[in-house]
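Visitor: Here is my input, please return the structure:
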Amino acid sequence: MNLPAAFDAIGTELPSLDPAIADAVRARWDAKTKPLGALGDLEALAVQLAQIQGRSTPTIAEAQILVFAGDHGAARDGVSAYPQDVTWQMVMNFLAGGAAISVLARELGCGLSVVDAGVNHDFAAAPGLLDLKIAPGTASYLHQRAMSIDQCRQAIVAGHALAQRLSADCLLLGEMGIGNTASAALLMHHLSRVPLAECVGPGTGLDPAGVARKLALLEQASQRHALRGTDAGALTLLAAFGGFEIAMLVGCIISAVQARKVVVVDGFIVGAAVLVAQRLAPGIEAHLVFAHQSAEPAHHRMLGEIGARPLLQLGLRLGEGSGAALALPLLRLSLSLLANMATFDSAQVSQAS
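Guide: Residues are numbered from 1 along each chain as shown. Predicted coordinates for the structure are as follows:
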């Protein structure tokens, strides 16, 4: 593979969001047997889905959950409450059907694929496992760049190609990787105006002393790379702080949007991938559905920086794509209401004067 050519071929052009389609869907809602705007955000959701798909009768025929997994070298330096081995152990749990996202996938009738973007473990081939491993985990950004620029490009290209070959018209994006809230915090800090202290939270369950230690380590990493306040591009920042699963998510998001697939964004780490994707393809946030605001303290601020309004606020802090999965019924119900509710004329119901 000619990597530079493959990366350049991704492009940054996004489909148009046709205001005429939005107007047509709003008119359909207004004709339904209900007061104007009475279904609130469900009406706005159907309008957005129609614009994403480029048609006034949006549908979701097939939803696919993708959990991108990768290890982070900085996990060995104490940025997480859990040992690095938990990443591969949880991948096995996903594949065995025992994780929360596995249960949600079964209940929702969704496909579930786990993408090995860079886990420090050799997996045997298994149903539901996609081997796109770039390397067995990133390096520690406390000592060097997490990945090379070429590795970063390779991960983005792999994620882009994956979305292209999937038949599903709705992708629910999640992740797994011990230490990846730290990478997401560093990316958020460098890609926004938010101070690092306001980007760092407990992740998988650090106590206040652990959060303070994590912040101190991330301050060291930030100072080592000295990229804050520079004109460093998104690839430079992503290569500096990782991880492979975040980079692969970036490519997947851009590709899916370009193909007019519905993309449902999970929590804090997938949000960090969106921040990178925004730099590469400005305006991409309007093409994405944001599932929820997580309990990670910085996620609310991140959503504000992205310009996103989440559908749910359930206090989740699990990852795995769990929030994206929980949002799927709202998408389905919104489209079912739009398609199947009677109009005032068809039901012979009098409208307000």
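
Visitor: Let me see the ranges of the strands in the stretch 151-300 of the chain.
Guide: According to DSSP state E, counting those that start in this stretch, the stretch 151-300 of the chain carries its strands in the segments 170-176, 262-265, 288-290.

Visitor: can you give me how far the last one is from the chain middle?
Guide: Between the centre of strand 288-290 and the centre of its host chain there is 8 Å, according to CA atoms, centre = their mean, to the nearest Å.

Visitor: And for stretch 344-353?
Guide: Stretch 344-353 has its C-alpha centroid displaced from the chain centroid by 42 Å (CA atoms, centre = their mean).

Visitor: highest average neighbour count across the strands of the stretch 151-300 of the chain?
Guide: With neighbours defined as mean count of other CB atoms under 10 Å, the strands of the stretch 151-300 of the chain peak in mean count at strand 170-176, which reaches a mean of 29. From N, CA and C alone the C-beta is placed, and that goes for glycine too.

Visitor: in its sheet, what does that strand sit against?
Guide: strand 63-70 (parallel), strand 262-265 (parallel) (DSSP bridges).

Visitor: Can you tell me which helices and strands the helix or strand of the chain with the lowest mean pLDDT packs against?
Guide: Within the chain, no helix or strand scores below helix 3-10, which has a mean of 79 by mean pLDDT, DSSP states H and E. For helix 3-10, the contact count by 3 or more CB pairs under 8 Å, 6 or more residues apart in numbering; DSSP states H and E identifies helix 149-165, helix 244-258 as packing neighbours.

Visitor: Report the distance from the very next helix or strand once past that helix to the chain centre.
Guide: From helix 3-10 onward toward the C-terminus, using DSSP states H and E, the following helix or strand is helix 19-30. For helix 19-30, the distance between its averaged C-alpha position and the chain's averaged C-alpha position is 28 Å (CA atoms, centre = their mean).

Visitor: measure stretch 196-204 end to end?
Guide: The distance separating the two terminal residues of stretch 196-204, taken as CA to CA, to the nearest Å, comes to 18 Å.

Visitor: Give me the contact list for stretch 97-104.
Guide: Outside stretch 97-104, the residues within contact range by CB atoms under 8 Å, 6 or more residues apart in numbering are 65, 67, 90, 93-94, 96, 106, 110, 112, 174, 318, 320-322, 325-326.

Visitor: Mind doing that once more with 7 Å?
Guide: Judged by CB atoms under 7 Å, 6 or more residues apart in numbering, the contacts made with stretch 97-104 from elsewhere in the structure are 65, 67, 90, 93-94, 112, 174, 318, 320-322, 325-326.

Visitor: Nearest the geometric middle of this protein, what residue?
Guide: With the centre of the chain defined as its mean C-alpha position, the nearest residue by CA atoms, centre = their mean is Val270, 3.2 Å away.

Visitor: Mark which of the contacts of stretch 97-104 are buried, thanks.
Guide: 65, 67, 90, 93-94, 112, 174, 318, 320-322, 325-326 (16 or more other CB atoms under 10 Å).

Visitor: for the chain, what spans make up the helices?
Guide: Per DSSP state H, the chain has helices spanning 3-10, 19-30, 41-53, 85-96, 100-108, 149-165, 180-191, 208-225, 234-241, 244-258, 268-280, 299-306, 322-340, 344-347. These are given in chain order.

Visitor: As TSV, those helices with distance to Ala126 would be great.
Guide: Putting the helices of the chain into TSV (distance: least, CB to CB, whole Å) gives the following:
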stretch	distance to Ala126
helix 3-10	27
helix 19-30	41
helix 41-53	32
helix 85-96	5
helix 100-108	13
helix 149-165	17
helix 180-191	22
helix 208-225	33
helix 234-241	29
helix 244-258	18
helix 268-280	23
helix 299-306	32
helix 322-340	21
helix 344-347	50
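
Visitor: Figure out which of the helices and strands packed on helix 3-10 is closest to Thr59.
Guide: With respect to Thr59, and counting by CB to CB, the nearest of those is helix 244-258 at 16.2 Å.

Visitor: Now do the closest one: which elements does it pack against?
Guide: Under the contact criterion of 3 or more CB pairs under 7 Å, 6 or more residues apart in numbering; DSSP states H and E, helix 244-258 touches strand 63-70, strand 111-118, helix 149-165, strand 170-176, helix 180-191, strand 262-265, helix 268-280.

Visitor: Can you name the residues in contact with the longest one?
Guide: When contacts are defined by CB under 7 Å, 6+ apart, helix 149-165 is touched by residues 3, 6-7, 10, 115, 117, 132, 134-135, 171, 235, 238-239, 244, 247-252, 254-256, 259.

Visitor: buried stuff in it?
Guide: Those buried within helix 149-165 under the rule 16+ other CB under 10 Å are 149, 151-163.

Visitor: which residues sit in contact with the residue nearest to the residue nearest to the centre of the chain when sequence neighbours are not counted?
Guide: In space, and not counting its chain neighbours, Val270 is closest to Leu173: 5.2 Å by CB to CB, 6 or more residues apart in numbering. Contact criterion CB under 7 Å, 6+ apart gives 66, 249, 252, 263-266, 270, 321, 324 as the residues in contact with Leu173.
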